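> any chance you could fold what I've pasted below:
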Amino acid sequence: MAGLLVALSVMAILLSVALPAWSHLIRREKEEELIFRGNQYARAINLYQRKFANASPATLDILIEQRLLRRKFKDPLSPAKDGEFQLLYLNNQGTSSRAAGAAAATGSTLGTKPSGGIVGVASKNTGQSIRTFNGKTRYNEWQFVGIQQTTQAGGAAAGAGQRGTGPQRGGAQPGGPQRSGAQGSVRPDGSFTGPGTSPQGR
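Below you'll find the predicted structure:
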């Protein structure tokens, strides 16, 4: 009898140590699932915006009807029984895509009242998170926004990327004078002189 009591006491101690660690692990897995499901909504909203000239869907059901979202996902950390995500709306309907994208990063113009279409989702759970997501440590601050960003093709960066490829204007040509300095001159007889060089090609 005494041995059974000792065994039960040991098991109770082990469980008291293991349960917090197990609970922590389960919570981390739910956080990962929240990020996955939130990104699924953000991706579907982004595809909708691309398909309909940056317009945002009025409901999540439209995403399913348009075959942009497989099904409605539940918030794995929702405090409510329905498990629904909090919908984020673009309150300022006149905001451009680029400005809205910048505002989405800070959440300054996003709201929960229907206005301007759905631009993302967030958890309704106001609890402290284990991990930090986009600098936020509360689940309801983890916003998954699908606003399409405006990108510019070409420009200075593209031009810079093309430099150094192909024949260079003013470079050495086969059979022509060889230039070895940044400055110099070509004489009438075809020879070249420049800083630190000796006449060539006579």
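> contacts, neighbours, all on C-alpha from now
Noted.
> now do the strands in this protein.
86-90, 110-111, 118-122, 128-133, 136-138, 143-145, 185-186, 192-193 (DSSP state E).
> what sits up against the fourth one?
Taking C-alpha atoms under 8 Å, 6 or more residues apart in numbering as the criterion, the residues outside strand 128-133 that touch it are 28, 31, 137-139, 142.
> who does that strand pair up with?
Strand 128-133 has the following strand partners under DSSP bridges: strand 136-138 (antiparallel).
> quick one: buried residues of the strand it pairs with?
Within strand 136-138, the residues that count as buried by 16 or more other C-alpha atoms under 10 Å are 137-138.
> state the mean pLDDT of that strand.
The average pLDDT for strand 136-138 rounds to 96.
> can you check stretch 84-103 too?
On average, stretch 84-103 scores 63.
> now stretch 61-79
The average pLDDT for stretch 61-79 rounds to 96.
> straight-line length of it, end to end?
End-to-end distance of stretch 61-79 (C-alpha to C-alpha, to the nearest Å): 22 Å.
> sorry, back to before: turn the strands of the chain into CSV, columns for distance to Pro79.
Listed next are these as CSV, based on distance: least, C-alpha to C-alpha, whole Å:
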stretch, distance to Pro79
strand 86-90, 11
strand 110-111, 20
strand 118-122, 13
strand 128-133, 13
strand 136-138, 13
strand 143-145, 17
strand 185-186, 79
strand 192-193, 81
